[in-house]
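> The following comprises the amino acid sequence and a computationally predicted model.
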Amino acid sequence: MNVPFNKPYLTGNELSYIEKAVKMGKISGNGYFTKKCQQFFEENFGFNKCLLTSSCTDALEMAAILLDIKSGDEVIVPSYTFVSSANAFVLRGAKIVFLDSLEDHPGMDVDKIESLISPKTKAIVVVHYAGVPVDMAKVMDLANRFSIKVVEDAAQAIDISFQGKALGGVGHLGTFSFHETKNLQCGEGGMLTINDPGLKKRAEIIWEKGTDRAAFFRGEVNKYGWVDLGSSFLPSEVTAAFLWAQLENLQRIQSRRSQIWHDYSGFLASLDRSYIPKIQHLPYLELLRNELDKIQEEFSPIVLQKDPGNYHMFYMLFPSLESRTKFSESLKSKGILSVFHYQALHQSEFIKAYQGIDNTPLPNAEIFADTLLRLPFFYELPEVSSSCI
Ligand SMILES: *Cc1c(COP(=O)(O)O)cnc(C)c1O
């Protein structure tokens with residue numbers, strides 16, 4: 001068997017839309033396809049304003065500029081996340097105050113935020129790990145009480161809501177990723193959502209490299225110049241054209257990912273193997289299940305992901321680093337690639353040197369760093385896994 005961890009998925013129209021973008025004669029950013037994508041998100045997810053960026057990392061850096069983060073400010077960030085969630089604020093000179101994960105879920109422990117708030121706290125970064133919604137009602141309540149801005153790092157959380165509102169659209173700002181490992185993809189790509197109307201005008205200026213060029217092209221000002229900080233955040237039309245092909249197929253992508261998630265969960269959990277997978281990848285699931293049964297004779301408990309979130313990933317939790325490594329190696333020897341995830345950021349060499357302190361231990365984040373393992377998860381998994389048996 002030869003099952004990769006991830007395989008980028010082409011919906012079918014990517015190349016023809018790229019050709020169209022090229023033939024339209026404008027392949028820099030903010031053209032036909034960029035506007036189409038932004039409008040799709042605004043209309044379908046109720047985001048106030050959307051700006052495509054070349055990555056989620058870029059969108060987070062825009063958020064840090066937009067919130068005027070500077071030296072002396074503190075930003076609360078979960079430890080169990082990708083570096084960009086914190087790095088964007090470090091670039092502006094902020095001190096990062098790390099938040100632990102929940103005991104039974106790698107997502108952040110919202111009830112511990114208040115104890116980390118100080119008069120210097122300027123922002124809270126919310127990460128919806130595995131596309132499982134964080135309790136935004138509690139976060140926004142704290143934000144309002146302490147006048148703190150909220151940035152939702154919704155990189156993994158496209159197409160899922162909390163109390164009827166799409167994630168990424170609840171905090172003052174939201175960021176998304178369309179990296180080839182996410183549900184919707186265009187190679188490298190991202191988006192900033194601006195939900196606080198007071199931040200809209202400046203967001204566009206920062207996006208346009210610190211100029212009021214967008215307003216100029218709309219005829220609102222008669223010349224454009226350097227009016228603020230900014231940088232190169234726009235993706236080209238080639239990238240936006242690729243993304244548009246994915247957006248048109250959002251429902252199909254999500255329903256396939258939902259089936260894959262439920263097949264993993266149902267089949268691996270069903271003790272008497274009575275669960276019938278909905279799509280044809282039974283031999284692959286059986287092989288996985290056999291390896292799981294073997295490892296369970298030696299180590300327990302092994303816990304499967306409970307909440308599907310937006311079907312971004314399927315993970316398992318092991319009782320120790322040793323058992324995780326053993327299972328992952330046994331899958332690898334059968335040609336199946338499984339991958340662990342983040343190292344806890346508060347323990348990284350960089351942040352210790354940068355902030356000059358040893359951060360207080362965050363036991364849950366440290367445990368997930370050692371015990372979480374993700375199984376292969378991509379649109380064509382059923383075809384790939386049944387064709388290579
Ligand atoms: C993927 C990811 C990012 C980075 O996204 P890029 O588009 O690669 O910059 C940031 N935060 C989280 C939580 C992610 O999962």
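Thanks, I have the structure now. Residues are numbered from 1 along each chain as shown.
> shaky segments in this protein?
Residues of the chain meeting the criterion pLDDT under 70: 389.
> could you point out the longest strand in it?
strand 121-127 (DSSP state E).
> I would like the residues contacting that one, please.
60, 67-69, 73-78, 80-81, 85-86, 89, 94, 97, 107-108, 113, 134, 136, 139, 142-143, 146, 148-153, 155-156, 171 (CB atoms under 8 Å, 6 or more residues apart in numbering). C-beta: built from backbone N, CA, C; applies to glycine.
> near the ligand too, which of the residues you listed?
81, 85, 153, 155-156 (CB under 6 Å from any ligand atom).
> Going by neighbour count, which of the contacts of strand 121-127 are buried?
60, 67, 69, 73-78, 80-81, 85-86, 89, 94, 97, 107-108, 113, 134, 136, 139, 142-143, 148-153, 155-156, 171 (16 or more other CB atoms under 10 Å).
> In strands, which of the residues you listed appear?
74-78, 97, 149-153.
> Of the residues you listed, just say which sits nearest to the ligand.
Asp153 (4.8 Å; CB to the nearest ligand atom).
> Pull up the gap between the closest one and Thr175, please.
5 Å (CB to CB, to the nearest Å).
> what sits in contact with each of the two?
Joint contacts of Asp153 and Thr175 (CB under 8 Å, 6+ apart) are 56, 60.
> any idea how far the ligand is from Phe5?
14 Å (CB to the nearest ligand atom, to the nearest Å).
> check contacts around that residue.
337-339, 374, 376-377.
> As CSV, these with distance to Thr239 would be great.
Output for the contacts of Phe5, formatted as CSV (distance: CB to CB, whole Å):
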residue, distance to Thr239
Leu337, 27
Ser338, 30
Val339, 25
Arg374, 26
Pro376, 26
Phe377, 23
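> Now neighbour count and distance to the ligand too, for these, in a markdown table please.
Shown next, in a markdown table, are the contacts of Phe5 (neighbours: other CB atoms under 10 Å; distance: CB to the nearest ligand atom, whole Å):
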| residue | neighbour count | distance to the ligand |
| --- | --- | --- |
| Leu337 | 15 | 18 |
| Ser338 | 22 | 18 |
| Val339 | 16 | 13 |
| Arg374 | 20 | 12 |
| Pro376 | 23 | 17 |
| Phe377 | 21 | 13 |
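> Of those residues, just say which sits nearest to Phe327.
Ser338 (7.5 Å; CB to CB).
> Contact partners for Ala64?
88-89, 91-92, 94.
> now Asp58
190, 233 are the contacts of Asp58 under CB under 8 Å, 6+ apart.
> Quickly find the element holding it.
helix 56-66 (DSSP states H and E).
> Of all the residues in that helix, which ones are buried?
Buried, per 16+ other CB under 10 Å, within helix 56-66: 56-66.
> got the angle for it vs strand 121-127?
On the basis of axes from the mean of the first three to the mean of the last three CA atoms, to 10 degrees, helix 56-66 is oriented at 160 degrees to strand 121-127.
> chain center to helix 56-66: distance?
Helix 56-66 sits 14 Å away from the centroid of its parent chain (CA atoms, centre = their mean, to the nearest Å).
> again, but for stretch 185-205
Centroid separation for stretch 185-205 versus its chain: 15 Å, with CA atoms, centre = their mean.
> Stretch 236-249 now?
18 Å.
> Please enumerate the helices of the chain.
Secondary structure of the chain, counting by DSSP state H: helices at 14-23, 32-45, 56-66, 84-90, 136-146, 200-207, 213-217, 237-247, 250-269, 282-298, 321-333, 349-355, 363-371, 381-387.
> Domain boundaries for this protein, per the record?
Domain segmentation of the chain under automatic domain parsing yields 14-249, 251-388.
> end to end, how far does the longest one reach?
Domain 14-249 has an end-to-end distance of 11 Å (CA to CA, to the nearest Å).
> Same check on the last one?
In domain 251-388, first residue to last residue: 27 Å (CA to CA).
> ok so, going back, take the contacts of Ala64 and write them to a markdown table, including distance to Pro361.
A markdown table is the format used below for the contacts of Ala64 (distance: CB to CB, whole Å):
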| residue | distance to Pro361 |
| --- | --- |
| Ala88 | 25 |
| Phe89 | 22 |
| Leu91 | 26 |
| Arg92 | 27 |
| Ala94 | 22 |
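> Identify the residue nearest the residue of the chain positioned farthest from its centre in space, chain neighbours excluded?
Of all residues in the chain, Asn222 sits farthest from the chain's C-alpha centroid, using CA atoms, centre = their mean; the distance is 39.2 Å. Counting by CB to CB, 6 or more residues apart in numbering, Asn222 lies nearest to Phe216, which is 7.6 Å off, once chain neighbours are set aside.
> Test my guess that the one you found contacts Lys223.
Yes. Using CB atoms under 8 Å, Phe216 is in contact with Lys223, at 6.8 Å.
> Looking at these two, which has the bigger crowd around it?
Comparing Phe216 with Lys223 by neighbour count (other CB atoms under 10 Å), the higher total belongs to Phe216, at 15 against 6.
> just to revisit the earlier point, quick one: which of the contacts of Ala64 is nearest Arg289?
Ala88 (40.8 Å).
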